[in-house]
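Chemist: coordinates for the following, if possible.
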Amino acid sequence: MDLLEIDKKLQNEYANSRINAENQALINKNKANANPVYKKLDELERDLVFLIGKEEAKEKPNKKTLLECNSELKTIKSNKLKILNSLGLSEADLKPKYSCEKCKDTGLVGGYVCDCYKKRRNAEIIKSYGLSENDFVSFDDINESLFKNPEQLESFKKLKNLMQKWCNTYPNTKKFNILLLGEVGVGKTFLLKCMAKSLLEKGFLVSFLSAFEMNNLFLNYHTSPNNQKQQYLSPLIDSEILFIDDLGTEPMLKNVTENYLTLVLSERERLKKPTIISSNIDSFKFAGRYGERNFSRLTNKQTGITFSIVGDDLRTTVTK
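Modeler: Modelled structure (predicted):
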């Protein structure tokens, strides 16, 4: 997944959408102005608007003149509307109908990325991993009947509430690394998907991938020529919020897995971008597999949160 390519694609889409909207409005205007009566009324309207503005700018506007001009302006607008209706048009058809009125299909509002662009970009990022937003779940989707152990349920609910609070607080959060450790089937992936959905709905830019997919990006980066390397690590470094699921299930590649994980985590830490990871190995094995530096970086209490989830494998629970 290449963020540069995604942005290039979306920018082209937005430009085409904007051009199409403006061209259609121009076609409609030309159709209206092809009617000589409409064109004359349009000219009269502009002249009247100018006269009204000129009169209102005077220190003592002539109320009678303004009343007459406004009355005439109302009549002209009414007659113009009748002609437009006869042509199968409305006043709204003379203005560009942008997909997003907020950014006028530019993707930017006041120099900042528009929410509509964030949503489209998120969809493209998620799609590049073979997923859709429907693959994610909500914090409200917990099936409590899966928990045989009441203590496990209560512990999980407390963790869920904490993760939900983190999502509600972001980006005003002091801690930007989250590491969830636990055996298979205790709900780690579920929580990551809940967090991803919550943040997606708020319009943040999210990347969600498995450790296996991450490792493939590392390998491609390692084996590619220098002019092609950027496209493989940019999804991991540039993404606003990065989710890595099931770290520990991927094969360890010599001079690849640990080294590039260190690079990604250090860069994201420098940029203070959240990295949220689930792993099925305990803290001791984690440090041994990925190195003390990576473990220390993720578990730093000043910048990170670490949880070990214990309990039964919920995937093997049979509900009645």
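Chemist: all helices for the chain, in order.
Modeler: Assigned by DSSP state H, the chain shows helices spanning 3-33, 36-56, 63-86, 115-128, 150-169, 188-201, 211-223, 230-237, 257-271, 283-290, 292-299.
Chemist: buried ones in the first one?
Modeler: This points to helix 3-33. Buried positions in helix 3-33, judged by neighbour count with 16 or more other C-beta atoms under 10 Å: 3, 6, 10, 13-14, 17-18, 21-22, 25, 28, 31-32. The C-beta positions use only the backbone N, C-alpha and C, and glycine is treated the same way.
Chemist: next: stretch 278-285.
Modeler: Ser278, Ser279, Asn280, Ile281.
Chemist: widest-spaced pair of those residues?
Modeler: Of all pairs drawn from the buried residues of stretch 278-285, the widest gap by C-beta to C-beta lies between Ser278 and Ile281 and measures 10.5 Å.
Chemist: who touches both of those two?
Modeler: Leu181 (C-beta atoms under 8 Å, 6 or more residues apart in numbering).
Chemist: quick check: which of the helices of the chain is buried the most?
Modeler: Across the helices of the chain, averaging neighbours per residue (mean count of other C-beta atoms under 10 Å) puts helix 188-201 on top, at a mean of 22.
Chemist: quick one: average confidence on that helix?
Modeler: The average pLDDT within helix 188-201 is 89.
Chemist: oh, and call the first residue 356 from now on, that's how I've got it
Modeler: In the new count, where the first residue is 356, that last one comes out as helix 543-556.
Chemist: check which helices and strands that helix sits against.
Modeler: Judged by 3 or more C-beta pairs under 8 Å, 6 or more residues apart in numbering; DSSP states H and E, helix 543-556 is in contact with helix 470-483, helix 505-524, strand 532-537, strand 561-565, strand 596-602, strand 630-634.
Chemist: next, the angle from that helix to helix 470-483.
Modeler: Orientation check (axes from the mean of the first three to the mean of the last three C-alpha atoms, to 10 degrees): helix 543-556 against helix 470-483 gives 150 degrees.
Chemist: could you tell me the angle between helix 543-556 and strand 596-602?
Modeler: Between the axes of helix 543-556 and strand 596-602, defined by the same axes, to 10 degrees, the angle is 170 degrees.
Chemist: gap between the closest residue to Gln366 other than its chain neighbours and Val468?
Modeler: In space, and not counting its chain neighbours, Gln366 is closest to Gly462: 7.0 Å by C-beta to C-beta, 6 or more residues apart in numbering. According to C-beta to C-beta, to the nearest Å, Gly462 and Val468 sit 7 Å apart.
Chemist: then Ser638?
Modeler: To Val468, Ser638 is 37 Å away according to C-beta to C-beta.
Chemist: wait, which of the buried residues of stretch 633-640 is closest to Phe405?
Modeler: Of the buried residues of stretch 633-640, the one sitting nearest to Phe405 (C-beta to C-beta) turns out to be Ser633, at 65.9 Å.
Chemist: residues touching that closest one, list them.
Modeler: Ser633 neighbours (C-beta under 8 Å, 6+ apart): Leu535, Leu536, Gly537, Lys543, Thr544, Leu546, Leu547, Ile599, Asp600, Asp601, Leu602.
Chemist: what's the answer for Ile533, then?
Modeler: Counting by C-beta under 8 Å, 6+ apart, Ile533 touches Met518, Trp521, Pro629, Thr630, Ile631, Ile632, Gly659, Ile660, Thr661, Phe662.
Chemist: now the nearest residue to Asn417 once chain neighbours are set aside: how far from Leu399?
Modeler: Leaving aside its sequence neighbours, Asn417 sits nearest to Glu410 (C-beta to C-beta, 6+ apart; 6.3 Å). Counting by C-beta to C-beta, the gap between Glu410 and Leu399 amounts to 16 Å.
Chemist: for Phe639, same thing?
Modeler: Applying C-beta to C-beta, the value for Phe639 to Leu399 is 84 Å.
Chemist: no further queries at this time; thank you.
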